[in-house]
Structure formats: C-alpha cells, structure tokens
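Engineer: structure for the following, please:
(2 chains)
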Number of protein chains: 2
Amino acid sequence: MSDFITKRSEDINKWYNDLVIKGGLADYSDVRGCMVIKPYGYAIWEKMKDELDRKFKETGHVNAYFPLLIPKSYLSKEASHVEGFAKECAVVTHYRLKNDPDGNGVIVDPEAKLEEELIIRPTSETIIWNTYKNWIQSYRDLPLLINQWANVVRWEMRTKLFLRTAEFLWQEGHTAHATKLEAIEETEKMLGVYADFCADFMSMPVYKGVKTASERFAGAEDTYCIEALMQDGKALQAGTSHFLGQNFAKAFDVRFMPEGGGKEEFVRATSWGVSTRLMGALILTHSHDHGLVLPPKLAPTQVVIIPFLQAKNPEVSAQLLAKSEEIKTALNKLGISVQIDKDETKRPGFKFAEYELKGVPVRLVIGPRDLENNLIEVARRDNLTKELVQAETIIEHVQKLLEDVQANIYQKAMNYRTEHTKTIDTWEEFQKQIELGGFVYAHWDGTAETEEKIKELTKATIRCIPFDMEISAGKCILTGNDSQKRVLFARAH
Amino acid sequence: MSDFITKRSEDINKWYNDLVIKGGLADYSDVRGCMVIKPYGYAIWEKMKDELDRKFKETGHVNAYFPLLIPKSYLSKEASHVEGFAKECAVVTHYRLKNDPDGNGVIVDPEAKLEEELIIRPTSETIIWNTYKNWIQSYRDLPLLINQWANVVRWEMRTKLFLRTAEFLWQEGHTAHATKLEAIEETEKMLGVYADFCADFMSMPVYKGVKTASERFAGAEDTYCIEALMQDGKALQAGTSHFLGQNFAKAFDVRFMPEGGGKEEFVRATSWGVSTRLMGALILTHSHDHGLVLPPKLAPTQVVIIPFLQAKNPEVSAQLLAKSEEIKTALNKLGISVQIDKDETKRPGFKFAEYELKGVPVRLVIGPRDLENNLIEVARRDNLTKELVQAETIIEHVQKLLEDVQANIYQKAMNYRTEHTKTIDTWEEFQKQIELGGFVYAHWDGTAETEEKIKELTKATIRCIPFDMEISAGKCILTGNDSQKRVLFARAH
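Structural biologist: A predicted model of the protein is given here:
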C-alpha cells in the first residue's frame, strides 16, 4: 500500500496529495476547486471541531447561524473589505432553471434574474454586523460573543486539498465590545485558544504574532496570527484573530449607549477563525513517507488490534478474538477508541501497511504463540518501534503510550522548527536561508516597499511580527535602514 | 414580556412568529427568505443534532462532506430530479466582482462568467452519486452508509421562519446497497430512527407511512415519511426517508461486481433527511400563549434558579446564593443544565415571564422565608403549577420532575392528536372535518386525479398511506370507487 505513496524526497507536493487521497482523507470533486471530505478525514475534523467548540464555550461564546448569501451591496459598505474579497466571490444572479425551449436541456431562466446579486459568503462580517445593528442598543447588550460553524467560498485559482480550496469549512467568531481594551483582550485570548489547541491537540508548535499592514485581514485594524512550520520548509498560517476596531460598526451603524449614559458610541469588534486548512497543517507537520502520523488526541481510531486468526484452528482464533475483545473493552472504558481487525482475507503485512498509511497511533498484534507466552506485540506509529509487553500490563501500557506518542510528535515538530528557525543579519545569508526553507528572524525597516521588495526577490513574506521577540535595534536586512525589532520571514503555503 | 405575544386564538401565525422572534430562536434577515438562527434557537438545534448524530453513528453511519456547488448538468442526469428542483435553484453564474468603470460601485465582472453554471445544492443526490461512482466497484465496497450535515438552498416564494426558508440546515443520509431488500430495510430503519427521536426527544408523536406517487421525492421510487400534528390543526412533514431504487446509480453509472462474480449490477440507494424545520415543529407542538414549552431533553437550560436577593441584606443574599450554587452543583452532577439568575435589576415577575417565554422546563425560587423553613418553590413550565418542596429532597424531586414534564407533554400532544384524528366515510363530513383541522382517515380510490381534485376542493393532501392501517375495503370519499385501505388526509404546512 505504501508503495503507492510518492516519497517526500522525490516530490513533497505529490507525497502530500497521495497521503490525502490514499489515506482516505479527501478527494477532488468534479467541481472546480471544491473537495470531498471523506469519512476518515471528516472524523478527524469532527474531533478538532468538538475540542475547539468546547474551548469556545468554556470562554463564554455561544453558537448561532447567519445566512450563506450576502447582498452584493453589503460587501461594499466597508471599503477595504470589498477590496479584499471582490476578486474571489461566487455570485448568485438567478433563482430558477427551466427547460430550454430550443431543446438544449436545462438552462438558466432569464426571467428569474435577481434584482440585486447575492454573494456566497467568503466570510460573514458584513451580514453579521448588519444583524448586530438590531441586537445592540445598550452597554447591557455587550459583550456579544458569538461563533458560527459554516462553509464559505473564496474563488481560488490554484487550489490544493485542505490547504486552499474554493469551498472550505471553518468557524468564525464575531464579537462586539464596549471598549477597545476589551476587544483587544478578546482578540488575544482567542489567538491563545488557537495556539493551545495546536500545541495540545495537534502536537504542532506555533509562533504567535501580529501581521504587517499589507498582510492584514481586509477590514481589520490588526490581524494576529499563528504560524506553523511544515516539513517542506514552508510556513503555514494556521489561524487568525482580528481586532476590527470600529470599522464594521461604522459601516453598519452599530452604536450603543455607554454605562452611565451620554453620547452613543460605535461598538468595537473582533473576528477570528480556523478552518479545514488545519487538516492540511496536521498532515504536513507529522506524516512520514509511508503514511500519516496522527496525534492520538485527534485519531479517529487510537488503537488497532490485529489478532492472527487461524482459519485451520477455530479454537485458537476464538481465544485470540476473546483476548482482543477483552482489551478493547478495557481500553474503551478509559475513553480510548479501538478497532479490531478480524478480516481473514488480508495478509498481516498488508494490514500493517494500511494502518500505517492511516496513521493509527498504536497497533497491537496477538498471535497464538504470544498468547501462550502471555505477551502482546505493541507497535507505535510515530517512531515505528515494536516491543513485546506482558498481557497483564497492556492496558496501562497503552494508555501511557498514547500520551508518549502525543508528546513525542510535539517534541519532534518542535525540534524540527528549532533547527529550521535562524537568526540572520546579512542579505546574502538571508537569501540562502530562505532558499533552504524554514523561518528566518531578521530586521526589517518597517516599510511596505521593503516588504514587497523582499517578497519579489526571495518569495519570502513577513509571517508575523512575533510577540515574544525582545526589542533590539538593528539594521534592515535589505535596505540597511534602522529597525527596532526582528520579524519572522518565510516562504508560505 | 408575554404581553407582547399575540394569543393563539387571535392569530396563530402571528403567535408563532412572536414566539420565534421574541423567544430568541430566530430572526428574519435582510436576505430574502433566509433567517438568522439566534443563539438560543441554535442551542436547541445543537441538542437535536447531537442526539441524531449519535443515533446515526449507532446504526453504523459515518459523516462526510460534499461540495456546496453542483454543476447544472448533474441535475439533469436524473429526469424527475431536475423536474422537481429546477424551479427553486439558486444559480451561480460568475466568480468575481469588480469596480464599475462608470463609478457605480461594485458590479459583477462580465469577464468572470462560468463556462457552466453552478447550482447551490437543494439536496445532494447528484453530487454524491457522481462521487460514489469512484468509490464503488465491488460488493466489498457496500453498503456505503454516509451522512452529511449541511446547509441547502431552495428558492421558496412564501417563507416562514424555520418551517420554510430559502436556506436551511439539515442532515442528508446517502447510502448505497447491493440488494433492493437491504436498501428498503435501511429506508425503514432510518424512518424509525426519526420517529423515535421525535417521540423520545421532541415529545412529538408522529404517524409513519409512505407518500403517494404525486408527493414522492423527485427521483425516488418510494418516499417514507413521518407526519406530526400541529396545534393549528395542520399536519407537518417532519422527516422523509427515500428508497431511490437504481435511479441515481443509473444516472451516474454506479455499478458493482456482486459477490460470487457474474454481471455488474447497478447499486441500490436510499436518502433520508431532517432539517431545522423540526424547530418549527417543536414550537408548534407544545407552546402556550405566553411562550415556548420545551421538552427537558432539548432545553438548553433545564432548570433556572431565582434567588430573591435582598439588596438591603447582603448576608441573606449570600445565603440564598450559596443555597442556589449548592443545588446547581448537585444537579449538574446528574447532567442537568442549570442557570442561576442573579440579576438584581429586574423584578421577579418580569423574570418569571421571561423564563416562561423561553420555555425553561423547571423554575426554582428561593426566598428568605423559604430558606428559614427549608422549603423551595418549584414551578413547572408545562402546566404552570407550583409547589413547595423540602430542600433535602429537591435534587431527586427535580430529576423526577424533568422526566415527568418530558412524558407529560408527549402525552398531551398524543391526546391532542387522538382527539383530532377522525375516521370519516362521507364527503360532506370530510369537508367539514378538514375545515376544522386535524387528520382524517378516509378511503381513496388510488388515482392521482382524485387526489388532486380533493386537494383543489379542500386544500387537504394525502399526508401518507399509513403503515399501521389494516387493509379494509371501502369506497373512495370523493368518487365512491373501490378502495383497499384508508389513507391519512390533512391540510399541511
């Protein structure tokens, strides 16, 4: 099975596509830029969703649902917003089909033209703030802390499964606040929720920081982001959290009476989102040449048990199955998901390869001789090691092992990132390092012109101005002009 | 608060809208036919979703996700399918906006016209069967048991919050089977899942049956349905499960090699769905003049505790709050959701009305005197009765009470339905009864002409040919022709 997966060293893009498709995560559809998320991929996404949703609720947010379709004119109400999204909008112009009178099958009914075209939401700030107008009058209505799980469409010319698709699934939080301080705190808090989720559940370390003006969300005053490093040396923006200031409140005239009365003020806003792009990040962070490596906390099946069933010896088979069921029941009680593979038509080697491809974190194999010796073979997916474990200790062993795997792949990703994050001070070295891949901390003079020039020359962008960098004066890597702080450069997905 | 709710006897449609909007469930949006599902409404929908999803998984189904957009030509591949949906399709014709060179703001870019128009899915049979083509080759790939949670758009001219909206949320199961028998079993099984959910969670009894040919889903060989009775005397189709035969398999050329080899066969299919329409059904089944009545199993807040806080006596207030928290903690441990209302700015009467409007099943009130006497006032939403309960027994009392409320509102709905289901044998009586509302069991000669004629004359449709009716010969209510079985008539939403 893994024979069909291209090696990373040969072609890392092809390897990625092979994993996604052959690993049963997603597939292309016949609709340009749209993918089908297959059951195994969707099961991982559901686990991500459940945990994120839990974290959102824990931090006081509630879910709601707003329309898919947005009147074209709404988009224009916030000037930079329309500028950012107009070029990638799917536009609904008609609401009916009919039989072609000339017999050419079904055609769009020209009489069913909409008075105003509708846009399929590329993001929902406009429709939501148009609604908040009716919900917010007084400081008592604030803060309003709402999240939405939804599909969105952004017409992308170059698509890649999970990483860049015309339609994708995501959540978008949209909050309204009385004060700027509170809104900024919310923006930071939700970035923290994302970063913790990436570290604790995806085993993926991220840098936190703020985008430069030119990389800001269309309509935001500040865009905070988390940036991860993929195995191909490219950065990936894994999530964003925007402080929107009063931009959308002004565009949709959303004002509130402050506590203590006085003059009405425009509301302050944030929005924040992560999407099925995280699936792509997960795959590109941990996987191996011959398959996926899933963090146990997100693996739909955490443990697979393969008993070596003996067609010629039903008694032994029954014992092996009984042992398998016993282990499954005990692990299930601990909340660990287990699959027993009883298929007698496939060779063990084939099965091993299949579960490696699927990234199942732990594999238990029980053969007749092991059973006699009261031993079970335990293989871990992350480092492909095997050991024989006493049957009596198998439950606690597996429980501990899943934690180890979760921690180990995080550490591995962290080590990779550390090795591939360089601090560089000369333009020549900078160019070389960007070519090699990874993150580069370098000084930048703070101008959009220099940022653009560096991008032109090296394809590297400023991923963020990191939160955790000390202020330290230096000279811009390109222009030699003064700089107060290093920023984080990389080529990005 | 309940003063603002129209009485059912005055105008039941207005009453319904008042409840939905003022109860915080949903709101109209500025987009024609599209609604905003507000947090309280969405919380109920989430509870429905969670339980249905659990039932689907328990019966062996997995979730996946298919594209929102469907090429126009797909729709035409199944003849009756396109016939059924062509008239209500939202059509995407362009993929970009641009600034109008004449300065009229943002316009659709005529150069960004799609070669083939895309339809926003009104249902996903076509895109899914086009995908299944690649997933199914052999009997080993069957059955394929997939469900999708998604939004769909059907352009409706007359809309009503939750009951009929252009965009709605739903789940759609799409399964593929080797044999006709297995597919029919699946169709029936899922109808059973829906009926059980309606009874056990929504406290809403439903009739199960099969649709007549003219009410069948476009592309189905048989449409099974559940039909509920609303308080306005109208029936409501709460869910459908379709046996699709080989129609979609033939349209998209999905064949499989049967076990034992031989000639390839076309796959058999089912599809089944319920939607946010269930929210409308829930409201219309149980609610009262002054507000919602929610079944405890679907209520976001099952118990509200209102301590009579004493601004002038902080010590007593602290005791009341401590008692409230103690009860909340104990109830939470039993999985019961509890809200403590600590707001000191609102009068108790106002609060009572508010929680009645919201349909919170149980209200506990703790006053200083009650605390001294070790008593707690318990009010139940369904029958508006109150009683004083010994504080020591409050936890088990509330737990039991929630079960009672769940059962009681089911019984009430069942009694209402029984009273409003008549067996009728003459045309005159039939007309009178249909005018009065409710279900009517009557004989029908089995022709589409008669069915249509009855609809014209009375606005009543055949809701279903019920499963549980005995075969008993009779004469058609309209034509007097022979009939083998009674069918279920009603005016419907």
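Engineer: run a quick neighbour tally on A:Val293.
Structural biologist: Neighbours of A:Val293 under the rule other C-beta atoms under 10 Å in any protein chain shown: 24. C-betas here are computed from N, CA, C, even on glycine.
Engineer: quickly list the domain ranges of chain A.
Structural biologist: The domain map for chain A lists A:2-70+A:124-286, A:296-404, A:421-490, with the assignment taken from automatic domain parsing.
Engineer: for chain B, which of the ones you listed is the nearest?
Structural biologist: Of all the domains of chain A, it is domain A:2-70+A:124-286 that lies closest to chain B, at 3.7 Å by C-beta to the nearest C-beta.
Engineer: from the chain's centre, how far out does the closest one sit?
Structural biologist: With C-alpha atoms, centre = their mean, to the nearest Å as the basis, domain A:2-70+A:124-286 stands 8 Å off its chain's centre.
Engineer: one step back: most neighbours per residue, which of the domains of chain A?
Structural biologist: Across those, averaging neighbours per residue (mean count of other C-beta atoms under 10 Å in any protein chain shown) puts domain A:2-70+A:124-286 on top, at a mean of 20.
Engineer: helices of chain A, start to end?
Structural biologist: Ranges of helices within chain A are A:12-22, A:39-58, A:72-75, A:79-85, A:125-135, A:180-200, A:247-251, A:277-286, A:314-333, A:348-358, A:368-372, A:394-419, A:427-436, A:448-458, based on DSSP state H.
Engineer: let's have the domains of chain A in CSV, adding distance to chain B and mean pLDDT.
Structural biologist: Converted to CSV, the domains of chain A look like this (distance: least, C-beta to the nearest C-beta, whole Å; pLDDT from 0 to 100):
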stretch, distance to chain B, mean pLDDT
domain A:2-70+A:124-286, 4, 96
domain A:296-404, 9, 95
domain A:421-490, 22, 95
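Engineer: among those, which is nearest B:Gln171?
Structural biologist: domain A:2-70+A:124-286 (13.0 Å; C-beta to C-beta).
Engineer: quick one, what contacts A:Ala322?
Structural biologist: By C-beta atoms under 8 Å, 6 or more residues apart in numbering or on different chains, no residues touch A:Ala322.
Engineer: with A:Trp129 instead?
Structural biologist: Shown in contact with A:Trp129 (C-beta under 8 Å, 6+ apart): A:His174, A:Phe248, A:Ala249, A:Ala251, A:Phe252, A:Val254, A:Ala269.
Engineer: separation between it and B:Asn332?
Structural biologist: A:Trp129 sits at a distance of 35 Å from B:Asn332 (criterion: C-beta to C-beta, to the nearest Å).
Engineer: any chance of the domains of chain A in a markdown table, plus distance to B:Lys133?
Structural biologist: Conversion of those to a markdown table gives the following (distance: least, C-beta to C-beta, whole Å):
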| stretch | distance to B:Lys133 |
| --- | --- |
| domain A:2-70+A:124-286 | 10 |
| domain A:296-404 | 23 |
| domain A:421-490 | 39 |
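Engineer: B:Glu182 is nearest to which of those domains?
Structural biologist: Ranking these by proximity to B:Glu182 (C-beta to C-beta) places domain A:2-70+A:124-286 first, at 19.4 Å.
Engineer: follow-up on the earlier one: which stretch among the helices of chain A comes nearest A:Arg158?
Structural biologist: Among the helices of chain A, helix A:12-22 comes nearest to A:Arg158, with 11.6 Å by C-beta to C-beta.
Engineer: any chance you could list what contacts that closest one?
Structural biologist: A:1, A:4-8, A:25-28, A:41, A:160-162, A:231-232, A:280, A:283-284, A:287, A:289, A:291-292, A:357.
Engineer: repeat that with 6 Å
Structural biologist: Here helix A:12-22 makes contact (C-beta atoms under 6 Å, 6 or more residues apart in numbering or on different chains) with A:Ile5, A:Thr6, A:Arg8, A:Ala26, A:Asp27, A:Leu161, A:Asp232, A:Ile283, A:Ser287, A:Leu292.
Engineer: what does the last one show for phi and psi?
Structural biologist: In this case it means A:Leu292. Per-residue torsions, A:Leu292: phi -70, psi 150 (degrees, to the nearest 10).
Engineer: what's the answer for the third one, then?
Structural biologist: Listed backbone geometry of A:Arg8 is phi -60, psi -40, with angles given as degrees, to the nearest 10.
Engineer: now it: how far from A:Gly359?
Structural biologist: 15 Å.
Engineer: try the fourth one
Structural biologist: The gap separating A:Ala26 from A:Gly359 is 14 Å, by C-beta to C-beta.
Engineer: the first one now?
Structural biologist: When C-beta to C-beta is applied, the distance between A:Ile5 and A:Gly359 equals 12 Å.
Engineer: same deal with the fifth one?
Structural biologist: Between A:Asp27 and A:Gly359 the computed distance is 17 Å (C-beta to C-beta).
Engineer: try A:Ala166
Structural biologist: In terms of C-beta to C-beta, A:Ala166 sits 27 Å off from A:Gly359.
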